[in-house]
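# build me a structure from this.
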Amino acid sequence: MQHSDRRRTADDTDMALIPFAACLLSIGCLAPAQPPASTLQLTTHDTAGRIGSVVLTCDPAGGTHPKRDKACAVLSAADGDFSRITARHQACTLIYAPVEATAIGTWRGKPVSFSTTYANRCEADRDSDEVFAF
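Residues are numbered from 1 along each chain as shown. Predicted structure coming up:
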């Protein structure tokens, strides 16, 4: 066996092994990448002073929202953007009784801050496709 005094330098093969070794030392490389969970605080407030508030979590669906599976599906289709929700086909009365609706939290790791005023409760439920139906 020969021994050389020459210093060994890192080559491309050595550099490629570094991420692999780091992966082996953690369990992060063993599990498939999951999107960050989504958590939203949804609130409605109407002119009669009624306030409703629920928590909606998605990926997986949970929280206190009564229609959490549907709300998560609607938000998934809109990629968490409340302005992209497609309204349901439903007629509403023309009675003006404003409902303020807000959503604060995160959607798949991105911050969410949404606020709007609907003409009445029916429009809030219809235009949000039941995301604000609680």
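
# sec struct for Ile70, please.
Actually, residue 70 is Lys rather than Ile. What DSSP: H, G, I helix; E, B strand; the rest coil gives for Lys70 is helix.

# and what of the one 5 residues further on?
When the structure is split into helix, strand and coil by three-state DSSP, Leu75 lands in helix.

# surely it and Cys58 touch.
Yes. The criterion here is Cβ atoms under 8 Å, and Leu75 meets it with Cys58 at 6.4 Å. All C-beta spots, glycine's among them, are computed from the backbone N, C-alpha and C.

# and for these two, which residues touch both?
Ser38, Trp107 (Cβ atoms under 8 Å, 6 or more residues apart in numbering).

# quick check: closest non-adjacent residue to Pro66.
Phe134 (5.5 Å; Cβ to Cβ, 6 or more residues apart in numbering).

# shaky segments in the protein?
Residue ranges of the chain with pLDDT under 70: 1-36.

# tell me the spacing between the residue nearest the centre of it and His65.
Centroid-nearest residue in the chain: Trp107, 2.1 Å away (criterion: Cα atoms, centre = their mean). Separation of Trp107 from His65 (Cβ to Cβ, to the nearest Å): 14 Å.

# would you map the helices across the protein?
For the chain, the helices defined by DSSP state H occupy 12-25, 68-77, 121-127.

# packing partners for the shortest one?
What that stands for is helix 121-127. strand 99-107 (3 or more Cβ pairs under 8 Å, 6 or more residues apart in numbering; DSSP states H and E).
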